[in-house]
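S.K.: what would the 3D arrangement of this be:
(2 chains)
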Number of protein chains: 2
Amino acid sequence: MGEPKASVKLWIVGSIGIDDIKTRNADRKNLLGGSVPYSSVAASFFARTGAVGVVGDDFPTAFERRWKGFGIDLAGVQHQAGDTFRWACEYDENMIERTTLKTELGVFAAFMPELPAGYRAAPFVLLGNIQPELQMHVLKQAQGAKFIALDTMNLWIEIARPALLKVIRRVDLLTINDGEARQLTGKWNLRACAEAILKMGPRYVVIKKGEHGALLFSKTGVFIVPAYPVCKLVDPTGAGDSYAGTFMGYLARAGRVTDGVLREALVHASALASFGVEGFSLERFQKLSPAEIRSRVSELKRMMRV
Amino acid sequence: MGEPKASVKLWIVGSIGIDDIKTRNADRKNLLGGSVPYSSVAASFFARTGAVGVVGDDFPTAFERRWKGFGIDLAGVQHQAGDTFRWACEYDENMIERTTLKTELGVFAAFMPELPAGYRAAPFVLLGNIQPELQMHVLKQAQGAKFIALDTMNLWIEIARPALLKVIRRVDLLTINDGEARQLTGKWNLRACAEAILKMGPRYVVIKKGEHGALLFSKTGVFIVPAYPVCKLVDPTGAGDSYAGTFMGYLARAGRVTDGVLREALVHASALASFGVEGFSLERFQKLSPAEIRSRVSELKRMMRV
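M.R.: This next block holds a predicted model:
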């Protein structure tokens, strides 16, 4: 999709998909989904972001236009002959548990990420949830990377642990949910999990607890960031990706990583994730203004203040 | 057990029991338990507290001595012929889910709480989790009550809803866990639950989420207080009671209820609850110092600070 025009500060690799999502109130088909659209769009509110992924020849040009509309660079998105990754799920009544109804990998099955030349100098990198071998492959091309965050999932902990541990050793921050942290470390207590993960290489670990917020651990301390209590939950899909994307976008805008910047980044991540779930796919982000973001961040900070 | 010596600022009614508790690491029998011991002991770190409940003639004098050792007034504890309430449970591997193995009400079955004359002027009241009719009965004797908090449980929501709603109408604050809030209101979203509860009468509602912390809702806003991430979880029994007791003890010490005082009270509640679960029964509280409390409160505040 062409070479980047302005230099990207952050690039993100992961899945790009077409989703069908059923909730208690709605049944929506053919939505732009996958980790990269959610995370890059959230990041784009803070920094120039590049996307790395693959789509098939069924990928609608409308999706591409919509995605580009956020100012995201799509030079890293490969077009391959075949079908785009398709995924369908149905949420339980509680809108938290979900059942996967369909996973058709399509062109994503043979995905081999390649970094556009223009991304190599980008200082911030988010390795979204794909096979650890592919994360390592693309990371090796990222000569300019200064701060690398890694997301993963239970599947890779189960079937690709050695490769995953290799990538974990190379990154600055691991973002992982509570269940996966327990699975990865064999410990139950989250502080013990974090301690074990920090020994695997990263300087930081963010343990995500969904609607209960997240915990940031480093060698020097813990930061507890609550989720913003949403009034109107439409579709939780992609919340973790919006969270990670915002977090990295905020760091990329700041251009440096300090304790204070990390904490601000996480509060912004909670705020953006809470907007994301107010609509399907990127719908809420499409009409989201910087003033709304500022207002929600202030509100969340007031909710946290002693 | 005699009339109060110094005037109590807060009194608490609820269960007093003898517990057997089994966890993955230990199997302990004949522990001082029940909501009043946990909550009054936690409160005693902040204000002169009176206990209202009933024990049988099997209640060990050692328990009474230990309890009194915290400076708690026991004038409201009735001695009845028969057995003390006995309860046994076993925790799952995760130390969160538990199975009740035994519930023998004993003298608690015919409990009719009576307020010692010396408690009637006490400004702060915590109605612990007992039958709503009994909560109402004792509340009517509390002429001096200025700020009343109410705890309840799923059982009363199921079998005594009209009586419970009557008590709820009379109190200033309802403390309830997330599942019970949903059961009481028929709503899933916690903000919607809180809104519905505030319409039932109370000015404040604290929705407890166990190891994920709690949310305080009022007409003017939300305060999110995290649980302190514990390093050493020995026995979670009574954490909710220590939480409520500390909260009310802190308010009683402050002598007034403002937004700022409420937030401080909740942070202290998280801190005390986190100490409580580091031991069985009141064991951790017996060796807890004010300096340790101050230090944990500061640590928790640092974890919350943006």
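
S.K.: near chain B, which residues of chain A?
M.R.: Chain A has residues A:93-95, A:188-192, A:209, A:212-213, A:215, A:221-224, A:226, A:229-231, A:233, A:263-264, A:267, A:301-306 near chain B, with proximity defined as C-beta under 8 Å from any C-beta of the partner chain. All C-beta spots, glycine's among them, are computed from the backbone N, C-alpha and C.

S.K.: which of these are buried?
M.R.: Burial by neighbour count, 16 or more other C-beta atoms under 10 Å in any protein chain shown: within those this picks out A:95, A:188-192, A:209, A:212-213, A:215, A:222-224, A:226, A:229-230, A:233, A:263-264, A:267, A:303-304.

S.K.: helices of the stretch 101-250 of chain A, residue ranges please.
M.R.: In order along the chain, the stretch 101-250 of chain A carries the following helices (DSSP state H, counting those that start in this stretch): A:132-139, A:154-159, A:161-170, A:178-185, A:190-199, A:239-254.

S.K.: what's the most buried one of the ones you listed?
M.R.: Using mean count of other C-beta atoms under 10 Å in any protein chain shown, the stretch among the helices of the stretch 101-250 of chain A with the largest mean neighbour count is helix A:239-254, at a mean of 28.

S.K.: elements contacting that one?
M.R.: Contact partners of helix A:239-254 among helices and strands, from 3 or more C-beta pairs under 8 Å, 6 or more residues apart in numbering or on different chains; DSSP states H and E: strand A:10-13, helix A:35-43, strand A:49-55, strand A:124-127, strand A:147-151, strand A:173-177, strand A:204-208, helix A:259-276.

S.K.: can you lay out those as CSV showing mean pLDDT?
M.R.: Formatted as CSV, the helices and strands packed on helix A:239-254 follow (pLDDT from 0 to 100):
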stretch, mean pLDDT
strand A:10-13, 98
helix A:35-43, 98
strand A:49-55, 98
strand A:124-127, 98
strand A:147-151, 98
strand A:173-177, 97
strand A:204-208, 98
helix A:259-276, 98
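
S.K.: give me whichever of the ones you listed is most buried.
M.R.: With a mean of 32, the top stretch among those by mean neighbour count (mean count of other C-beta under 10 Å) is helix A:35-43.

S.K.: ok, A:Trp156 - contacts?
M.R.: If a contact means C-beta atoms under 8 Å, 6 or more residues apart in numbering or on different chains, then A:Trp156 has A:129, A:131-132, A:163-164 as its contacts.

S.K.: hmm, 10 Å instead?
M.R.: Under the criterion of C-beta atoms under 10 Å, 6 or more residues apart in numbering or on different chains, the neighbours of A:Trp156 are A:129-133, A:135, A:163-164, A:167, A:180, A:184.

S.K.: tell me, how many residues neighbour the closest residue to A:Ser15 other than its chain neighbours?
M.R.: The shortest distance from A:Ser15 to any residue that is not its chain neighbour, by C-beta to C-beta, 6 or more residues apart in numbering or on different chains, is 3.9 Å, and that residue is A:Gly34. A:Gly34 has 28 neighbours, counted by other C-beta atoms under 10 Å in any protein chain shown.

S.K.: now do the residue most central in space within chain A, the pLDDT please.
M.R.: The structure's chain A has its C-alpha centroid closest to A:Asp241; by C-alpha atoms, centre = their mean the separation is 2.8 Å. Residue-level confidence at A:Asp241 comes out at 97, pLDDT.

S.K.: that one reaches A:Val41, doesn't it?
M.R.: Yes: counting by C-beta atoms under 10 Å, A:Asp241 sits close enough to A:Val41 to count as a contact (9.2 Å).

S.K.: which neighbours do the two share?
M.R.: In contact with both A:Asp241 and A:Val41: A:Gly276, using C-beta under 10 Å, 6+ apart.

S.K.: for the residue nearest to the centre of chain A, give its distance to A:Ala273.
M.R.: Between A:Asp241 and A:Ala273 the distance is 9 Å, computed by C-beta to C-beta, to the nearest Å.

S.K.: cool, and A:Ala81?
M.R.: 35 Å.

S.K.: before we move on, what SS does A:Arg65 have?
M.R.: Applying DSSP: H, G, I helix; E, B strand; the rest coil to A:Arg65 yields a three-state assignment of helix.

S.K.: what is the neighbour count of it?
M.R.: Here the count is done by other C-beta under 10 Å, and A:Arg65 has 9 residues near it.

S.K.: where does the stretch 201-306 of chain A have low pLDDT?
M.R.: Within the stretch 201-306 of chain A, the set of residues satisfying pLDDT under 70 is empty.

S.K.: three-state assignment of A:Ala88?
M.R.: Counting by three-state DSSP, the backbone at A:Ala88 sits in strand.

S.K.: let me redo that: A:Val297
M.R.: Looking at A:Val297 with three-state DSSP, the answer is helix.

S.K.: so it sits against A:Leu272, correct?
M.R.: Yes: the pair A:Val297 and A:Leu272 qualifies as a contact (C-beta under 10 Å) at a distance of 9.1 Å.

S.K.: any shared contact partners between these two?
M.R.: Both A:Val297 and A:Leu272 are contacted by A:Tyr228, under the criterion C-beta under 10 Å, 6+ apart.

S.K.: who's in contact with A:Asp27?
M.R.: Under the criterion of C-beta under 10 Å, 6+ apart, the contact list for A:Asp27 reads A:20-21, A:90.
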